[in-house]
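Undergrad: structure of the sequence below:
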Amino acid sequence: MEIKQFEDQNLAHYSYAIVSKGEMALIDPSRNPQPYYDFAKQHHAKITTVIETHPHADFVSSHLEIHHTTGATIYVSKLLGAEYSHHAFDDNDVITLGNITLKALNTPGHSPDSISIVAMDENGKQQAVFTGDTLFIGDCGRPDLRESAGAITAARQQLAKQMYHSLRNRLLTLPDEVLVYPAHGAGTLCGKGLSEEKVSTIGAEKISNWSLQNRSEQDFVKELLADQPFIPKYFPFDVGVNKKGADNYLRSIAGVKRREPITCQGGANALDPTILIIDSRPQQQFKSSHLKNAINLMNDTKFETWLGSIIHPNEPFYLAAENETVLNELIERTAKIGYEKQIALAFIAAFGDSKTEAFDSAELRNNGDAYTILDIRNHSEVKASQIFANALHIPLYELRERTNEIPLHKPIVVHCAGGYRSAAGASIIQSKLNGTPQVYDLSEAVTTFQP
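TA: The predicted structure follows:
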């Protein structure tokens, strides 16, 4: 038995291939199936099986496309309510793969339909468990994503209680030496305190993972529900996409409309002024010249997450980048969260009659009361450390809907923790207010104000 872990660093997502005797199973595959096809070819293996541990909220899976391309059977819990051809895979159901066996365990908690998969060798010895979003390394999955999405919805308190029992009555009963392969690592929004490690064992997690320690159900539920990350707008949407099955990846990204660089005012006037522009250029390029109605969401490791946190599902947007290479990359990354069909037009940004004025942070030190200071960090960040005592707090993921709460009698200074989000936040406000009052981005200078 060979196990291959694939990593998507931008979404902190792990998917897996298991190979035995020329047969290959995939677990929780990413949107682009090509890496799995390449791996199968390298190992002279046939993809026969695709298993989804649950309908994912944070990325779009290629399980249906892989089924159509290879004929592989899709296995999911019967509770998922899948709208595609599949086989139910629940408690003690088994799949034979070459000379190994894969066994299902129902492990609700992150979602009502979550399963884990135990891999057993030819002698029946349990070697590994693929835990999806139930057990992470150092943490467990959050229980608050299925209150309004999926075939089965459940309150977070109910799912938190189910998580308590799934961990203890299912996963903790496995031998200490069993390897733990989760669906996510540090940086995901599907948990709050994950380790940087990519693989662990049941024994190691018993020692170090807070969620597996000896505590009452009540204490566990309270701790699990406390201070969970925000829920991006696209999460419920992706649950629905994965429940139905996504369209072909390459055809979807090939269908994105493109045009030549916008190099004149006439080209800019051809754009619909009611549609937002996501301008991914570095902030200095954006600030010197950009189109009206543009948001500066830079090409960074968290581009997908913030795109899906600012833009609503099914909301059209324009996508602009500094060159063709970056534009193609960002279209592909947009497809990872199922937003590629929302791109009304993709183009290279080369012109704009708007700009963002530079800001001297010394002005804030010398006369802070002259500005409305807007803190767009997440609630947990503000709770942990307040940078400006008189700042108005509106998280970036809520900013478009709450700009009416910002006082307009002073210039506005926007800050986050390091400068990436403030570039987006300042541009959101600027596009809403049309230049009155002046909007400034504190950018990286915020680090000199932090205690």
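
Undergrad: contacting residues for Asn209?
TA: With contact set as C-beta atoms under 8 Å, 6 or more residues apart in numbering, Asn209 has these partners: 135, 137-140. Where you see a C-beta, it was placed from the backbone N, CA and C, and this is true even at glycine.

Undergrad: CA-only coordinates of the strand or helix carrying Ser422, as CSV, when you get a sec.
TA: Using DSSP states H and E, Ser422 sits in helix 420-433. Extracted as CSV, the C-alpha positions of helix 420-433 are listed here (Å, rounded to 0.1, in the frame of the first residue of the first chain):
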residue,chain,number,x,y,z
TYR,A,420,-2.8,43.0,2.8
ARG,A,421,-6.4,43.3,3.9
SER,A,422,-6.2,47.1,4.4
ALA,A,423,-5.4,47.5,0.7
ALA,A,424,-8.7,45.7,0.0
GLY,A,425,-10.6,47.5,2.7
ALA,A,426,-9.5,51.0,1.7
SER,A,427,-10.4,50.3,-1.9
ILE,A,428,-13.9,49.0,-1.0
ILE,A,429,-14.6,52.2,0.9
GLN,A,430,-13.1,54.4,-1.8
SER,A,431,-15.3,52.8,-4.4
LYS,A,432,-18.4,53.3,-2.2
LEU,A,433,-17.7,56.9,-1.2
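
Undergrad: averaged pLDDT, it. What do you get?
TA: The pLDDT scores in helix 420-433 average 93.

Undergrad: which strands or helices does it pack on?
TA: Counting contacts by 3 or more C-beta pairs under 8 Å, 6 or more residues apart in numbering; DSSP states H and E, helix 420-433 packs against helix 283-288, strand 294-296, helix 303-310, helix 396-402, strand 412-415, strand 439-441.

Undergrad: number of nearby residues for the nearest residue to Val19 once chain neighbours are set aside?
TA: In space, Val19 comes closest to Glu2 once its chain neighbours are excluded; the distance is 4.5 Å by C-beta to C-beta, 6 or more residues apart in numbering. Using other C-beta atoms under 10 Å, Glu2 has 11 other residues around it.

Undergrad: ok, now which ones touch Glu2?
TA: Residues counted as contacts of Glu2 (C-beta under 8 Å, 6+ apart) are 18-20, 43.

Undergrad: now render the residues you listed as a markdown table, adding secondary structure and pLDDT.
TA: As requested, the contacts of Glu2 are arranged in a markdown table below (DSSP: H, G, I helix; E, B strand; the rest coil; pLDDT from 0 to 100):
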| residue | secondary structure | pLDDT |
| --- | --- | --- |
| Ile18 | strand | 98 |
| Val19 | strand | 98 |
| Ser20 | strand | 98 |
| His43 | coil | 97 |
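
Undergrad: most neighbours out of those residues, which is it?
TA: Using other C-beta under 10 Å as the neighbour test, these are led by Ile18, with 25 neighbours.

Undergrad: residues contacting the residue nearest to that residue when sequence neighbours are not counted?
TA: Nearest non-adjacent residue to Ile18, counting by C-beta to C-beta, 6+ apart: Ala25, 4.6 Å away. Applying C-beta under 8 Å, 6+ apart, we find Ala25 in contact with 17-18, 47-51, 95, 97, 102.

Undergrad: rewinding a little: off-centre distance for the helix holding Ser422?
TA: Centroid separation for helix 420-433 versus its chain: 21 Å, with C-alpha atoms, centre = their mean, to the nearest Å.

Undergrad: now stretch 152-159
TA: For stretch 152-159, the separation from the chain centroid amounts to 21 Å (computed by C-alpha atoms, centre = their mean).

Undergrad: name the residues of that stretch that are buried.
TA: For stretch 152-159, the neighbour count (16 or more other C-beta atoms under 10 Å) marks 154, 156, 158-159 as buried.

Undergrad: please list the residues outside it that contact it.
TA: Identification of contacts with stretch 152-159 by C-beta under 8 Å, 6+ apart yields 79, 81, 108-113, 143-144, 146-147, 162, 221, 225.

Undergrad: so which of these are in helices?
TA: Here DSSP state H is the test, and the contacts of stretch 152-159 give 162, 221, 225 as lying in helices.

Undergrad: skip the chain neighbours and tell me the closest residue to the second one.
TA: Which is Val221. Nearest non-adjacent residue to Val221, counting by C-beta to C-beta, 6+ apart: Ala160, 4.3 Å away.

Undergrad: got the domain ranges for the chain?
TA: Domain assignment of the chain by automatic domain parsing yields the ranges 2-240, 249-348, 361-448.

Undergrad: now these in JSON lines, please, with extra columns for distance to Ser354.
TA: Listed next are the domains of the chain as JSON lines, based on distance: least, C-beta to C-beta, whole Å:
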{"stretch": "domain 2-240", "distance to Ser354": "25"}
{"stretch": "domain 249-348", "distance to Ser354": "5"}
{"stretch": "domain 361-448", "distance to Ser354": "8"}
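
Undergrad: figure out which of these is closest to Lys355.
TA: Comparing these against Lys355 with C-beta to C-beta, the closest turns out to be domain 249-348 (5.8 Å).

Undergrad: which one of the contacts of Glu2 is nearest to Ala204?
TA: Of all these, Ala204 sits closest to Ile18, with 21.3 Å by C-beta to C-beta.

Undergrad: now do the same contact list for that closest one.
TA: 1-4, 24-27, 97, 100, 102, 119.

Undergrad: and Ala349, by the same measure?
TA: 261-262, 279, 281, 290-291, 320-322.

Undergrad: and if you look at Leu179?
TA: Per C-beta under 8 Å, 6+ apart, neighbours of Leu179: 3, 127-129, 199-201.

Undergrad: quick one: which of the contacts of stretch 152-159 is most hemmed in?
TA: Per-residue neighbour counts (other C-beta under 10 Å) across the contacts of stretch 152-159 peak at Ser111, which has 33 neighbours.

Undergrad: for that residue, which residues are in contact?
TA: Per C-beta under 8 Å, 6+ apart, neighbours of Ser111: 54-55, 133, 141, 145-146, 150, 159.

Undergrad: just the buried members of these?
TA: Neighbour-count burial within these applies to 54-55, 133, 141, 145-146, 150, 159; the criterion is 16+ other C-beta under 10 Å.
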